[in-house]
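Colleague: Any chance you can model this:
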Amino acid sequence: MQAICDSAPKPDASEPLLCPLQAAVATRPSIDSYDDFSRLALALFRFIGAAYATGASDCWEAAYRFAEEAPGIADSPLLVARAAALVRILRSGRPCELCFMPPSCRRLSRDEAELMRLLAVARRRQPGELGSIVGQFVGSGKEDAATRAVNALALC
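Modeller: Just a heads-up that it's a prediction; the model follows:
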């Protein structure tokens with residue numbers, strides 16, 4: 001263990017030291033780096049994730065209300081349904097739970113960052129790249145369903 005610590009690069013004396021958790025959080029993407037649609041989708045993922053985690057119907061109501069209040073969304077119930085379908089498929093095709101941050105959080109969890117990457121690739125309509133990313137994120141047998149769900153959300 002000491003050899004690992006001794007081989008780590010030494011920080012510049014003028015740089016403040018960050019604990020490993022602070023360093024990890026500092027490198028995570030921020031919600032500010034995404035466009036309006038992606039931020040809306042992220043909020044919906046978080047509300048839906050909270051609904052699954054808590055079983056509270058208020059979370060579903062919050063998702064629908066948030067989508068209804070978003071400018072430029074013609075069919076907010078369809079948008080929520082497509083986001084929920086993607087979350088449901090991803091939850092069933094993974095060996096562990098998805099990690100969602102609270103809706104007001106400015107930072108993204110690793111799973112949320114991957115969801116945003118999936119959505120961005122689907123919106124750019126790059127099917128080959130999307131297939132490989134979906135394959136890494138979802139368990140075997142769910143790739144086709146997850147690809148259809150992310151494409152449907154991206155085109156909503």
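
Colleague: going forward, measure contacts and count neighbours with C-alpha atoms only.
Modeller: Noted.

Colleague: Give me the buried positions along stretch 101-121.
Modeller: For stretch 101-121, the buried set under the neighbour-count rule, 16 or more other Cα atoms under 10 Å, comprises 101, 107-109, 112-121.

Colleague: and what of stretch 125-138?
Modeller: So, applying 16+ other Cα under 10 Å, buried residues of stretch 125-138: 130-131, 133-135, 137-138.

Colleague: picking that back up, reformat the buried residues of stretch 101-121 into a markdown table and put secondary structure and distance to Tyr34 next to each item.
Modeller: Output for these, formatted as a markdown table (DSSP: H, G, I helix; E, B strand; the rest coil; distance: Cα to Cα, whole Å):
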| residue | secondary structure | distance to Tyr34 |
| --- | --- | --- |
| Met101 | coil | 16 |
| Arg107 | strand | 11 |
| Leu108 | coil | 11 |
| Ser109 | coil | 14 |
| Glu112 | helix | 12 |
| Ala113 | helix | 11 |
| Glu114 | helix | 13 |
| Leu115 | helix | 12 |
| Met116 | helix | 8 |
| Arg117 | helix | 10 |
| Leu118 | helix | 13 |
| Leu119 | helix | 11 |
| Ala120 | helix | 9 |
| Val121 | helix | 13 |
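
Colleague: which one of the residues you listed sits closest to Val87?
Modeller: Val87 lies nearest to Leu115 out of the buried residues of stretch 101-121, by Cα to Cα, at 9.4 Å.

Colleague: where does the protein have low pLDDT?
Modeller: Along the chain, the parts satisfying pLDDT under 70 run over 1-28.

Colleague: I'm done for today, thanks for sticking with me.
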